[in-house]
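# no letters, just coordinates:
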């Protein structure tokens with residue numbers, strides 16, 4: 001297995017970025033293959049961007065549900081099952097995406113506070129409570145958000 005194939009298997013996002021750059025370099029060098037180098041590179045680049053978009057979107061859903069769990073106890077009783085299911089699903093999908101493309105973990109970290117800001121606005125609106133009910137800074141870290149044991153009362157040990 002060559003290095004490019006190994007990179008594809010180890011970190012798809014990083015592979016898309018490297019391949020897009022290589023295609024652009026080959027096109028600029030005047031490679032005579034009848035390939036639309038720039039558009040092929042753009043499409044591969046787009047595949048990587050879609051992975052970033054998925055991380056951001058899933059992280060938003062996860063943070064929204066964690067905030068609801070932590071700060072909306074009045075809604076929890078009737079929504080608990082759905083929130084728990086959504087939190088588990090988003091965590092699993094995020095962890096799978098980061099495992100498939102480890103270079104996306106720094107991206108998730110870089111957008112975490114921005115996601116929290118958007119999420120608290122959405123939660124306040126949905127729960128019909130003042131925005132001040134939710135902390136300005138994230139009350140948990142990205143690692144905690146992805147941790148199946150956080151918060152402890154969400155999933156009993158036998159469910160983790």
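Cool, the structure landed. Computed from a predicted model, the values in this text were never measured in an experiment. Residues are numbered from 1 along each chain as shown.
# spatially central residue in the chain, please.
For the chain, the residue whose C-alpha lies nearest the mean C-alpha position (CA atoms, centre = their mean) is residue 55; its distance is 2.1 Å.
# secondary structure element for it?
Under the assignment given by DSSP states H and E, the secondary-structure element containing residue 55 is helix 37-71.
# list the buried ones in the following helix or strand past that helix?
Secondary structure here is assigned by DSSP H and E; on that basis, the next helix or strand after helix 37-71 toward the C-terminus is helix 73-100. Judged by neighbour count (16 or more other CB atoms under 10 Å), helix 73-100 contains these buried residues: 75, 83-84, 86-88, 90-91, 93-94, 97-98. Using the backbone N, CA and C atoms, a C-beta is placed for each residue, glycine as well.
# stretch 148-160 now?
Applying 16+ other CB under 10 Å to stretch 148-160 flags 150, 154-155 as buried.
# one more: stretch 104-112?
Applying a neighbour-count criterion of 16+ other CB under 10 Å, the buried positions in stretch 104-112 are 104-105, 107-108, 111-112.
# closest to residue 44 among these?
residue 104 (15.9 Å; CB to CB).
# residue 82 versus that closest one, what's the distance?
Remark: distance between residue 104 and residue 82 (CB to CB, to the nearest Å) = 27 Å.
# same check on residue 44?
Between residue 44 and residue 82 the distance, using CB to CB, works out to 37 Å.
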